[in-house]
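> A structural model of the following input is requested.
(2 chains)
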Number of protein chains: 2
Amino acid sequence: MTAADANAPVGVFDSGVGGLTVVREIMKLLPDEPIIYFGDTARVPYGNKSQETIIRYSRQITNFLLEQHVKAIVVACNTASAYALEEIRDSVPVDMIGVVKPGAYAACQATRNGRVGLIGTEGTIQSHIYSKMIREAYPDYHIYAQACPLFVSLVEEYMLDDEVTRIMAGRYLKNIKQAGVDTLILGCTHYPLLSPLLQEVMGGDVTLVNPAYETAKGLRKLLDKKGLRFHGESTGEKYRLFVSDTPKQFRKFADYILPCTIGEATQVMIEAY
Amino acid sequence: MTAADANAPVGVFDSGVGGLTVVREIMKLLPDEPIIYFGDTARVPYGNKSQETIIRYSRQITNFLLEQHVKAIVVACNTASAYALEEIRDSVPVDMIGVVKPGAYAACQATRNGRVGLIGTEGTIQSHIYSKMIREAYPDYHIYAQACPLFVSLVEEYMLDDEVTRIMAGRYLKNIKQAGVDTLILGCTHYPLLSPLLQEVMGGDVTLVNPAYETAKGLRKLLDKKGLRFHGESTGEKYRLFVSDTPKQFRKFADYILPCTIGEATQVMIEAY
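Residues are numbered from 1 along each chain as shown, chains lettered A, B, ... in the order given. Predicted coordinates for the structure are as follows:
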């Protein structure tokens, strides 16, 4: 392992655009840090694909980010965090953090009655990783999990406050609500965009946990611990976006999510990595 | 170009499971023909990805099918037919047919008032390929096209007769219905599974055109013309399925669509082709 350069960028990746909700939180909490983002738009979504495939894709993206000399990698995708992070981190020469551990930790801090709801993709729910992490620390806690496979498509269609999304949220959340949870983990990077609607369906007393914010805090802690906070002069573009499909459709979503307008995304032939 | 072997299988491919609706029609119309199906389940869906990416994926799949010595290739995906077929067919040593031309032809035969509706993925609609084909033959015909991006997800969730699907169909079909079409092309291989619901929304007077059936007829015509109809003894497995992700989730859909139970699918590392 070679020593990472504190003035190198942080690498962040996701299956597509959803991980930009994590980038947004990093930008707010660590405004000096340069960021390289990779969105696997040619192969999105990950949520209903197998662990084996998600591991292969995550390895390729990690190799690409390492070639860009990132100092740390944030897996800004719940499915990849659940399926691939533990499998590949030992072979990667920089620190990697995912969104699951920070999200699980935040939920444990937030709950008062030990009843925690979790929503995510099929892959994330089937991995049981949130449950394992929470029950390791708090064996008495109860986790009520539900896959919400249509939510990603609904968000990507910008149907954030729509009758159809409300009906689906009612169905998906029915059992979780009946279980009396006081905390709900938004276990997919797309879901924070549905927060107002989900809060309405769950009721105002339930705390929604957005792992994106907790992940940004986790990244700050990591960079501080390793002495890797950016302390140089900004040269070149601070934020760089890469995608595996053509950049055209990525733009709209990036402008929608991010607090500032940033340069065009560049296409990468990711299967070559 | 080497002479194709009449007793070789027909190759059929799609972005995922939807193309099995085409396989189903081929099985019915050409019950003797052996078939090799490839579903690109590790990279599904194609409908919202770029032409450049769809061409690259289609080339890889075509290379794989040629390695299996297929005698003809059916592009059982509207998006790939729209974006990639014309780009790659000249470099392929066997005949290729897509689903667009048969579908456009059938719609022209079906319409009495020259007003034709078309629904499909973003890619298929943006390619304007159905409109071009129809207007070349019938310049006076009017085509009313609408992308229905949520339909694929709704079908893959088996929400074929669901309140949410009905609401979305009402929205997507509103303008097409108001335009007074008497024919509606189901321009995505997933959509025939929604036929009862779409017929209900459009009204009983509107003819729904399923390009899958027309494509099977087109294939029969092609094989007859080239003297390529199967006339041998069946040896080995008649129907073989290949997928790019692990085969697990493919099974359920295959059993749901196909008229007979067939063997397990085999995983192929498609990006190596």
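
> find the closest residue to chain B in the stretch 51-200 of chain A.
Closest residue of the stretch 51-200 of chain A to chain B, CB to the nearest CB: A:Ser153 (4.4 Å). Backbone N, C-alpha and C define where each C-beta goes, glycine included.

> tell me which helix or strand that residue sits in.
In the assignment (DSSP states H and E), A:Ser153 maps to helix A:151-156.

> now swap in A:Leu184 and tell me
Applying DSSP H and E as the criterion places A:Leu184 in strand A:183-187.

> partner strands of that strand and their direction?
Applying DSSP bridges to the sheet, strand A:183-187 is found paired with strand A:115-120 (parallel), strand A:207-209 (parallel).

> what is the mean pLDDT for the last one?
Going back to what we said before, that points to strand A:207-209. This predicted structure assigns strand A:207-209 an average pLDDT of 98.

> after that strand comes which helix or strand?
Next element after strand A:207-209 (DSSP H and E): helix A:211-225.

> list the helices and strands the helix or strand that that next one is followed by packs on?
Proceeding N to C from helix A:211-225, the next assigned helix or strand is strand A:239-243, under DSSP H and E. For strand A:239-243, the packing partners by 3 or more CB pairs under 8 Å, 6 or more residues apart in numbering or on different chains; DSSP states H and E come out as strand A:35-39, helix A:248-257, strand A:266-267.

> just checking, what packs against the second one?
By that I understand helix A:248-257. Using 3+ CB pairs under 8 Å, 6+ apart as the test, helix A:248-257 ends up in contact with helix A:20-29, strand A:239-243.

> number of residues surrounding the residue in the stretch 101-250 of chain A positioned nearest to chain B?
Nearest residue of the stretch 101-250 of chain A to chain B (CB to the nearest CB) works out as A:Thr246 at 3.9 Å. Residues lying near A:Thr246 (other CB atoms under 10 Å in any protein chain shown) number 16.

> show me the contact partners of the helix or strand just after the strand holding A:Leu184.
For strand A:183-187, the following helix or strand on the C-terminal side (DSSP H and E) is helix A:195-202. With contacts defined as CB atoms under 8 Å, 6 or more residues apart in numbering or on different chains, helix A:195-202 is touched by A:117, A:160-161, A:165-166, A:169-170, A:173, A:176-177, A:184, A:186, A:191, A:206, A:208, A:210.

> how about 7 Å then?
When contacts are defined by CB atoms under 7 Å, 6 or more residues apart in numbering or on different chains, helix A:195-202 is touched by residues A:Leu160, A:Asp161, A:Thr165, A:Arg166, A:Ala169, A:Gly170, A:Leu173, A:Lys177, A:Leu184, A:Leu208.

> same thing with stretch A:22-32?
By CB under 7 Å, 6+ apart, the surrounding residues in contact with stretch A:22-32 are A:10, A:12, A:33, A:35, A:37, A:74, A:76, A:99, A:189, A:212-213, A:215-217, A:219-220, A:230, A:257-259.

> follow-up on the earlier one: next one: the residue of the stretch 51-200 of chain A closest to chain B from A:Gln178, what distance?
Distance, A:Ser153 to A:Gln178, using CB to CB, to the nearest Å: 26 Å.

> contact residues of chain A facing chain B?
By CB under 7 Å from any CB of the partner chain, the residues of chain A that approach chain B are A:42-43, A:48-50, A:52-53, A:149-150, A:153, A:157, A:163-164, A:167-168, A:245-246, A:248-249, A:271.

> circling back: give me the buried entries from the contacts of helix A:195-202.
Neighbour-count burial (16 or more other CB atoms under 10 Å in any protein chain shown) is assigned, among the contacts of helix A:195-202, to A:Thr165, A:Ala169, A:Leu173, A:Lys177, A:Leu184, A:Leu208.

> what about stretch A:181-195, how long is it end to end?
16 Å (CA to CA, to the nearest Å).

> over to stretch A:16-32?
By CA to CA, the extent of stretch A:16-32 from end to end equals 24 Å.

> centre of the chain to it, how far?
Put simply, stretch A:16-32 sits 10 Å off its chain's centre (CA atoms, centre = their mean, to the nearest Å).

> same question, stretch A:113-127
Using CA atoms, centre = their mean, the offset of stretch A:113-127 from its chain centre is 14 Å.

> and stretch A:106-118, by the same measure?
19 Å.

> ok so, going back, any idea which of the strands paired with strand A:183-187 is most buried?
By mean neighbour count, with neighbours taken as mean count of other CB atoms under 10 Å in any protein chain shown, strand A:115-120 ranks first of those at a mean of 26.

> quick one: mean pLDDT over that strand.
98.

> sketch out the low-pLDDT regions of the stretch 1-150 of chain A for me.
Counting by pLDDT under 70, the stretch 1-150 of chain A contains low-confidence residues at A:1-3.

> show me where it has its helices.
For the stretch 1-150 of chain A, the helices defined by DSSP state H, counting those that start in this stretch cover A:20-29, A:51-67, A:78-83, A:85-88, A:100-110, A:122-127, A:129-137.

> please identify the most buried of these.
Most buried among the helices of the stretch 1-150 of chain A, counting by mean count of other CB under 10 Å: helix A:78-83, with a mean of 30.

> ok, now which ones touch the most centrally placed residue in chain A?
For chain A, the residue nearest the mean C-alpha position is A:Ala76 (3.1 Å; CA atoms, centre = their mean). By CB under 7 Å, 6+ apart, the contact set of A:Ala76 is A:Val12, A:Phe13, A:Asp14, A:Gly19, A:Val22, A:Val99, A:Thr189.

> doesn't A:Gly18 make contact with the last one?
Meaning A:Thr189. Yes. In this structure, A:Thr189 is within contact of A:Gly18 by CB atoms under 7 Å, at 3.6 Å.

> about what we covered before: A:Ser153 and A:Gln178: which has the busier surroundings?
Set A:Ser153 next to A:Gln178 and count neighbours by other CB under 10 Å: A:Ser153 wins out with 21 against 9.

> tell me the domain ranges of chain A?
A:10-98+A:213-272, A:101-211 (automatic domain parsing).

> distance check, the residue of chain A positioned farthest from its centre against A:Asp5.
Farthest-out residue of chain A from its mean C-alpha position, per CA atoms, centre = their mean: A:Glu233, at 28.5 Å. Distance of A:Glu233 to A:Asp5, computed by CB to CB: 14 Å.

> try A:Pro45
Per CB to CB, A:Pro45 is found 33 Å from A:Asp5.

> the two: which has the busier surroundings?
A side-by-side neighbour count of A:Pro45 and A:Asp5, using other CB under 10 Å, places A:Pro45 first with 24 against 13.
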